[in-house]
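> Take this sequence and fold it.
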Amino acid sequence: MSFGKLYTYERNPRSTAILAVAKANNLDLEVVPTETDRKTPEYLKINPLGKVPTFVGADGYILYEAIAIAIYVTSQNEKTTLLGKTKQDYASILKWLSFFNQEVLPKIGAWSRPLRGLDPYNKKAVDDAAAAAQKAVSVVETHLLSNTFLVGERITLADLFAVSIIARGFEFFYDKQWRAANPNVSRWYETVYNQPIYSAVAPKFELLDTPALVNAPPKKAEQPKKEAPKKEAAKPKPAAEEEEAPAEPKAKHPLEALPRATFPLDEWKRQYSNTDTPVALKWFWENVKFDEYSIWKVRYKYNDELTMTFMSNNLIGGFNNRLEASRKYLFGCASVYGVNNDSVIEGAFVIRGDNYLPVFDVAPDYESYEFTKLDPTKAEDRELVELHWSWDKPIVENGKEFPHASGKVFK
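Next comes the predicted model:
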């Protein structure tokens, strides 16, 4: 009989331990693949923030937050030792669950994601994240010098959860040299991974000889124009005759094919820069032509991975830099709302045409954002645009207020 459903995405580090303890307790847990960038109304009914994982029991019981789910699934076996033997064991298990969820995972994410092309790349930010991740893992290395496992002398939920979190480090960075310098974490990781209840549900891994990712801009595989190495390169010329090939003509922006717009976007940018915001907004609504332009809400897909607000604002800056090729065709503001470790990135843009893709796909990281077209005839959509362009009000999501922290203007 099914115990329930777990809504998550493939290789979600916060879900592996849940699957492992379900296996340990012989519970039939159905995995429902769920993409957080496509939140359906049905899913928002069971998890108002639209995040994963979420558990829905066969009895209708709904639970979200990874640690809570992991504890609930583990506790189904009243004789389990995975939650420790004493109250102090249990408190220590909670400590390590929280430590890896809050101190380790966000740092490894901030280290790896830019190198995988999922977030904008900034060398210093990646270096800082690597250092912060190592600082957190060093705490574990010291603890494991005199302890076989995180709590007590046998595996607990703390070990299963922690190994699933630190797995990305071993997947991308922790090579032979790192493992030699961190022997206790390395020994512990292999020991826990090779437990049958864990290895049966975890992604396969191989120990690295050298790091899979290094601190360099990710290769832009999608960008190169593979026609570039033309047949001429295959035709050798005598050295005396060889001349510098003329540069290929710059590719035209796809929006150049549209008729010339009558709404002066540059004038709007001047109005926004040089007049009070309420005056500028009045001018915008009175002059913009919505048969030539459209307005869009832009929201970061991975808000649950954001940490420090200043780093999130730098992320916006990187995105703006990559939009340079579309500068003639858009204006907008994106901001960080909230506080450290509890924030969202969202903004509003006006763009030429009625399709966001030709404007935004000049930025390699545009797929990290979701784009929602707004209706200028709806008061609530106009208010949302004004909120994002004024920076004087919080945004409200699922009944929770996120105050404006910082933002950037693209003009």
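
> Flag the helix or strand of this structure with the lowest per-element mean pLDDT.
helix 309-322 (a mean of 86; mean pLDDT, DSSP states H and E).

> Tabulate the CA atom coordinates of it in CSV.
The C-alpha trace of helix 309-322 is given here as CSV (Å, rounded to 0.1, in the frame of the first residue of the first chain):
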residue,chain,number,x,y,z
THR,A,309,20.9,40.1,-0.5
PHE,A,310,24.0,41.9,-1.7
MET,A,311,25.0,38.8,-3.7
SER,A,312,21.5,38.6,-5.1
ASN,A,313,21.8,42.2,-6.3
ASN,A,314,25.1,41.3,-7.9
LEU,A,315,23.3,38.5,-9.7
ILE,A,316,20.8,41.0,-11.1
GLY,A,317,23.7,43.2,-12.2
GLY,A,318,25.3,40.3,-14.1
PHE,A,319,22.0,39.5,-15.8
ASN,A,320,21.7,43.2,-16.9
ASN,A,321,25.2,43.2,-18.3
ARG,A,322,24.3,40.2,-20.5
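
> Buried residues, that helix. List them.
309, 311-316, 318-320, 322 (16 or more other C-beta atoms under 10 Å). (C-beta placed from N, C-alpha, C; glycine too.)

> Look at the closest residue to N182 other than its chain neighbours and say how many residues are nearby.
Of all residues not flanking N182 in the chain, E141 sits nearest, at 5.1 Å (C-beta to C-beta, 6 or more residues apart in numbering). If you count neighbours by other C-beta atoms under 10 Å, E141 ends up with 16.

> Same question for L157.
Residues near L157, counting by other C-beta under 10 Å: 30.

> Can you tell me the closest non-neighbouring residue to it?
For L157, the spatially nearest residue (C-beta to C-beta, 6+ apart) is L82, at 4.7 Å.

> So the one you found versus K95, what's the distance?
15 Å (C-beta to C-beta, to the nearest Å).

> thought the residue nearest to L157 was touching L150?
No - in this structure, L82 is not within contact of L150 by C-beta atoms under 8 Å, at 11.7 Å.

> Need the overlap of contacts for these two.
Residues touching both L82 and L150 comprise T156, with contact defined as C-beta atoms under 8 Å, 6 or more residues apart in numbering.

> of L82 and K95, who's got more company?
L82 (25 against 13).

> Next one: the more buried one from I345, what distance?
Taken as C-beta to C-beta, the span from L82 to I345 is 37 Å.

> Would you agree A280 is in contact with Y272?
Yes - applying C-beta under 8 Å as the test, A280 and Y272 come out as touching, 4.7 Å apart.

> Alright, I will stop here.
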